[in-house]
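Q: Give me a model of this one.
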Amino acid sequence: MRVQDLMTGEVLTVGRDAALKEAARRMIEAGVSGLVVTDASGNIEGVITEADFVKAESGRRAAKRARLLRWFSHEEDPLSAERRVEDVMTADVITLGPQADHAEAARVMRKSDIKRIPIVDDDGRLIGIVSRSDILRAFVRPDADIIAEIKNQLMAHVLWIDPKRVKVGSADGNVTISGRLETKSDAVLLAEMIGRLDGVVSIRSDLTWDVDNTKMEMVPPPPGPGARQNR
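A: Prediction:
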C-alpha cells in the first residue's frame, strides 16, 4: 500500500519565526505531538515535537540557574527575546514521496526512531504526513476488506478467475481458500498473491484443479518439409 493512501492530507504547520507558546497552543488544541515547520511556499524547514519542547524547557531552567549565579556575582543579566520555533526545531527532516510503500515507511520510522514522516511532492513541497498509527492501519485490516479485495480485485480483475469458483474466508488476517480451478498454476499463483496483500497474516489453500499444467512438457514441433535431417 502506498503512503499516499494512508497519509493525512491536511497537515498542521507552523512558521520558523513563530513563538514557542504559539506552537504549543496549536499542538494542544489539535491534540497532536508535533508540527511541521514550513516556509510561505510550503517547503519543509524542520519539525518541532514534544521532545523538542522538553529539551527547550530543560535548557530554560539551566539558563535561569546561570542568571541567578550572575546576579549573585553582580554580573549584568541581558534581556533575552521570547524563544522561537527555529530555536528548538529539528532541521534535519526525513521525508518520503507519495509512492513510497508503507513497509518502507515502517522501516524508516523504526530505524530512525521517529513517529511521523512528512510526505512531499517532486518539488519538495509538503502534501501530507504519515504517522505510526497510519502505518499500523495498513497491517491491521478488517477481514471483510481483505475478502473483498481478494474477490473483487485480485480474482476478478487481475487473474481473471471467476470469484464464484473459490470460497474465501478470513479470521484475523488468516485467509483460507477452497474450490476448484482450471489449472494448478492458477491455484498456486492465487495463493501466492493473496499472501502478499496488506493485512494477510497467513494463507491456507485447499484448492483443487482440473489440469496440472506445471508438469506438462514442451514438445517441439515436427520438422518441416525442408528441415535438415540428421543421419
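Q: roughly how far apart are the residue sitting nearest the centre point of the chain and K55?
A: Residue closest to the average C-alpha location in the chain (C-alpha atoms, centre = their mean): H102, at 2.9 Å. Distance of H102 to K55, computed by C-beta to C-beta, to the nearest Å: 30 Å. (Glycine included, C-beta is placed from N, CA and C.)
Q: can you give me the mean pLDDT across stretch 123-130?
A: Stretch 123-130 shows a mean pLDDT of 91.
Q: what comes up buried for it?
A: By neighbour count on 16 or more other C-beta atoms under 10 Å, the buried set for stretch 123-130 is 126-130.
Q: How is the chain divided into domains?
A: Here the chain is described, according to automatic domain parsing, as comprising the domains 3-139, 143-211.
Q: circling back: show the pLDDT at the residue nearest to the centre of the chain.
A: pLDDT, H102: 84.
Q: Kindly report the same for L159.
A: At L159, pLDDT is 92.
Q: Touching, it and V188? I think so.
A: No. The pair L159 and V188 fails to qualify as a contact (C-beta atoms under 8 Å) at a distance of 11.2 Å.
Q: All the strands of the chain, residue numbers only.
A: 13-14, 34-38, 44-49, 116-120, 126-131, 166-171, 174-183, 202-211 (DSSP state E).
Q: which helices and strands does the fifth one pack with?
A: Taking 3 or more C-beta pairs under 8 Å, 6 or more residues apart in numbering; DSSP states H and E as contact, the helices and strands that strand 126-131 lies on are strand 34-38, strand 116-120.
Q: At which residues are the helices of the protein located?
A: With helices called from DSSP state H, the chain shows them at 20-30, 50-72, 85-88, 102-112, 132-139, 143-148, 184-195.
Q: quick one on the thing from earlier: okay if I get the strands of the chain as a markdown table plus distance to L6?
A: Listed next are those as a markdown table, based on distance: least, C-beta to C-beta, whole Å:
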| stretch | distance to L6 |
| --- | --- |
| strand 13-14 | 19 |
| strand 34-38 | 17 |
| strand 44-49 | 19 |
| strand 116-120 | 9 |
| strand 126-131 | 6 |
| strand 166-171 | 21 |
| strand 174-183 | 22 |
| strand 202-211 | 23 |
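Q: Understood, closing this out.
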